[in-house]
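> here you go, sequence then predicted model.
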Amino acid sequence: MTSRVYVALRVKASPSRAFQVFVQEIGAWWRPSGLFQTTPRAPGVLAFEPGEGGRLTETLANGKVFEIGRIQAWEPPERLVFSWRQASFPSDLHTEVEVRFEAVGDETRVSVEHRGFHRVPADSAARHGFPDHALLARLGEWWQGLLASYRGRAAGP
C-alpha cells in the first residue's frame, strides 16, 4: 500500500510557461508549512537545479543550504519528478513528488501527486501524531494552497 495526495488546477499559461514558473520561480510562489518543514530552522528560499539529478534546495538567510531532494525526471514542459525530504524525516527517508503539465485549450492543467508517506514510521515526528488519513488531508490542503499561490505567479506577465 502507498499513501499519496493528488491535487490539480488549471493556470492561464502555456505548458512551457507553467513548467518554467514552477521550477525557476519556486522561491517566489512557495509558502512554508509548520507541519511539513524542510529545514529545522526558519524557512528559507527554495530553488531547483535544472535537469535530471539536479537538487531541490532551501537556502536560509544565513546562507546555509539544505538539500530537500533530487530531480528524478526532468521532461519540460510536460513532467517533473523529484524526491522530497522533510527536516523531521529519518535520515534515509524520502517521499516523491510528480508534477504534470497538460495543455487544455489555452490553459494548462497542473497536477501534483505527492506519494510515499506510508514509509514514514508511525512514531515519526513528521506525522505530528496524525493517523494516515488526517496527515494526508493536511498534506493535500497544503498543496492546494501552494498551487493557488503558484497559479497567480504562472498567470503573470
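That came in fine, so what should we check first?
> now the helix or strand containing G27: buried residues?
Taking DSSP states H and E as the criterion, G27 maps to helix 26-29. Buried residues in helix 26-29, defined by neighbour count with 16 or more other C-beta atoms under 10 Å: 26, 29. Bear in mind the C-beta positions are built from the backbone N, C-alpha and C, glycine included.
> name the helices or strands packed onto the helix ranked longest in the chain?
With DSSP state H applied, the helix covering the greatest number of residues in the chain is identified as helix 132-154. The contact analysis (3 or more C-beta pairs under 8 Å, 6 or more residues apart in numbering; DSSP states H and E) places helix 132-154 against strand 4-11, helix 15-24, helix 26-29, strand 107-115.
> hmm, who's touching the strand or helix carrying F66?
Element membership for F66 (DSSP H and E) is strand 65-75. Under the contact criterion C-beta atoms under 8 Å, 6 or more residues apart in numbering, strand 65-75 has outside partners 38-39, 44, 46, 48-60, 79-85, 87, 94, 96-98.
> can you tell me which of these end up in strands?
Mapping the contacts of strand 65-75 onto strands (DSSP state E) picks out 46, 48, 55-59, 79-84, 96-98.
> T108 bridge partners, please.
V11, A103 (DSSP bridges).
> is it in contact with R100, as I believe?
No. Contact criterion C-beta atoms under 8 Å: T108 and R100 do not qualify, at 9.6 Å.
> more crowded one of the two?
For the pair T108 and R100, the greater number of neighbours falls to T108 (23 against 18), based on other C-beta atoms under 10 Å.
> ok, that one - contacts?
10-11, 13-15, 17-18, 101-102, 154.
> repeat that for A148.
L9.
> what separates it from R17, distance-wise?
Remark: distance between A148 and R17 (C-beta to C-beta, to the nearest Å) = 17 Å.
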